[in-house]
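J.: here's a sequence, model it:
(chains A and B, ligands or ions: 1)
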Amino acid sequence: MSDVLIAGAGITPFGRTEHTTGRRHAVQAVNAALADAGIPWSRVGAAFGGSDAAGLADTLVAQLGLTGLPFVNVKNGCATGGSALVSAVNAIRAGMADVVLAVGFDKHPRGAFDPLPADWGLDEAYGRDGLMVTTQFFGMKIRRYMHDHGISPRTLALVAEKAYRNGARNPNAWRRTPIGADEILGSGMVSDPLTRYMFCSPGEGAAALVLCAPSVAKELASVPVTLRSAVVKSRRFGSFEVFSPWIAGGELTSVSRDAAAAAFEAAGAGPGDVDVCQLQDTESGAEVMHMAECGFCEDGEQEKLIASGATEIGGPLPVNTDGGCIANGEPIGASGLRQVYEVVRQLRGQAGDRQVPGRPRVGFTHVYGAPGVSACTVLSR
Amino acid sequence: MSVIAHQVAEVSKVPAPAGLRGSRCGDCAVTVYPADDACPRCGRATSPVALSAVGTLWTWTVQRFAPKSPPFVPPPEGFRPFALGYVELPEGVRVAAVLDTDDLGSIQIGMPLRIEPSNGVPHAIPIEEA
Ligand SMILES: [Zn+2]
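T.: Residues are numbered from 1 along each chain as shown, chains lettered A, B, ... in the order given. Predicted coordinates for the structure are as follows:
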């Protein structure tokens, strides 16, 4: 299939503010992406975007300019950014337009992500009796994984320690103060074995990408990055997801494994080719499991890899170089495109204090979320 | 029977059902709880099935803080941290349950449990090993 280029990437500071709306974040990110590409808004032929809880993306034209372009709203949970990106790629490949925007944004208050049983097709008893708590799922999933594959609580703490350390080197991150592993382990149990500082928090922010056909390259202000594949998948039977009254027996299936394998196949590349990657880290355990599910190691190898510094900036497989969700927070609609933004900066050698050394050539991004969706991309320069 | 479920049953004079009632697909042998008309794997019609009352703990965690109300309804005596997990049954299904134990330090993956319906979600009680 024909290549699609990322012509420009923009982002806003992540975190939590009093007055900035999600839509304002989005407009700022889009304008930053356009400036990065050196492309005027009037040149954009189609747009795809969305948020989970901060409004409709197609209304952004009131601030961006009423040019008449088709603007499609995407609402796909944690895969919102990824689905917008896939739609943009397909629009370019289908000849709908040669310059296309993908934007993801969100703004969640403290304590968001507390849903009601009826919204999930569950009996009221699951809420009444205290089983509608997202953190329980993360605790139970990593508990079983640690049991099966010999992962220690200290490894979970090291993942969070790295996130805060990388966040401190990222001017757009929310959590920019390094926190040591012992303090993370002692920060109070939320859902055993996960402690408070191992979790990300609901937050706000936006990221945007301007994509184009190769024929547009000569118009661009920045060096483009090639988007070699973008894939979104939903879960197959036998996975373990949040708010499940039951799980099928036998070995678990994984939507992340499926999406990553499909993305690598479409890109004609493998995990061994990747120089920098961003993996969903809703909490520390997720990053550990996703390293294996996305094909970067065997189950259980994380225990030694993480202790040896393999996933640090400067290690053989830098993971979540911008601090990930743990340091940036989780604005659901924005996280997937934040990851792509970070890889674009890394592949261009523009990641500042957090630049991966050795001129990385290939990057990978992965998001995962409820109710069992995953989006992955492979990028190269 | 759990203390809470026992009290509720006494007050309401409604006896709890005998065991967990699930459903099973005749084609692909997938068993689910709670019972569902259609198989989540192949979509075909299912039949009711009585699930085993004894299984092993597949994974677990502890709810340390009172969940948000609503939907959570704290017990009359006030919130206390409680354990929850999935109980793996011989029918090839892992069922979410509240674990009725005050000894949170004794919980281990693989421990045998008796699982019972309640007026809410299933409850599981550790079985003392001889
Ligand atoms: Zn079936």
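J.: how about residues contacting the longest strand along chain B?
T.: If you go by DSSP state E, chain B has its longest strand at strand B:54-63. Here strand B:54-63 makes contact (CB atoms under 8 Å, 6 or more residues apart in numbering or on different chains) with A:130, A:133, A:136, A:139-141, A:143-144, A:147, A:189, A:191-193, A:247, B:81-90, B:94-95, B:99, B:104, B:107-115, B:124, B:127. From N, CA and C alone the C-beta is placed, and that goes for glycine too.
J.: quick one, helices of the chain?
T.: Answering for chain A, as no chain was given. A:22-37, A:61-64, A:80-93, A:125-128, A:134-149, A:153-168, A:181-185, A:255-267, A:284-293, A:302-307, A:324-328, A:332-348 (DSSP state H).
J.: wait, chain B was what I had in mind.
T.: Using DSSP H, helices in chain B cover B:3-12.
J.: enumerate the residues of it near the ion.
T.: Neighbours of the ion within chain B, by CB under 5 Å from the ion: B:25, B:27-28, B:30, B:39, B:41-42.
J.: need the winner for burial among the helices of chain A.
T.: Greatest average neighbour count among the helices of chain A goes to helix A:324-328 (a mean of 31), per mean count of other CB atoms under 10 Å in any protein chain shown.
J.: that one - what's its average pLDDT?
T.: If you average the pLDDT over helix A:324-328, you get 98.
J.: for stretch B:98-106, same thing?
T.: What stretch B:98-106 shows for mean pLDDT is 95.
J.: ok, B:A29 - how many residues close by?
T.: B:A29 sits with 11 neighbouring residues when counted by other CB atoms under 10 Å in any protein chain shown.
J.: likewise A:L227?
T.: Using other CB under 10 Å, A:L227 is surrounded by 24 other residues.
J.: and stretch A:351-365, how far out from the chain middle?
T.: Distance of stretch A:351-365 from the chain centroid (CA atoms, centre = their mean, to the nearest Å) equals 16 Å.
J.: same check on stretch A:332-344?
T.: In this view, stretch A:332-344 has its centroid 5 Å away from the chain centroid, taken as CA atoms, centre = their mean.
J.: got any ranges where the stretch 51-200 of chain A has weak pLDDT?
T.: For the stretch 51-200 of chain A, the stretches with pLDDT under 70 are A:112.
J.: most proximal residue of chain B with respect to chain A?
T.: Going by CB to the nearest CB, chain A is nearest to B:P71 of chain B, at 2.7 Å.
J.: what pLDDT does that residue get?
T.: For B:P71, the model assigns a pLDDT of 92.
J.: same check on B:G110?
T.: For B:G110, the model assigns a pLDDT of 98.
J.: same check on B:E10?
T.: For B:E10, the predicted pLDDT is 45.
J.: equivalent analysis for A:Q280, please.
T.: On the pLDDT scale, A:Q280 gets 97.
J.: cool, and the one 10 residues further on?
T.: On the pLDDT scale, A:H290 is placed at 98.
J.: so it sits right up against A:Q278, yeah?
T.: No - shown here, A:H290 and A:Q278 do not form a contact pair, counting by CB atoms under 8 Å, at 10.0 Å.
J.: overlap of the contact sets of these two?
T.: Joint contacts of A:H290 and A:Q278 (CB under 8 Å, 6+ apart) are A:H366.
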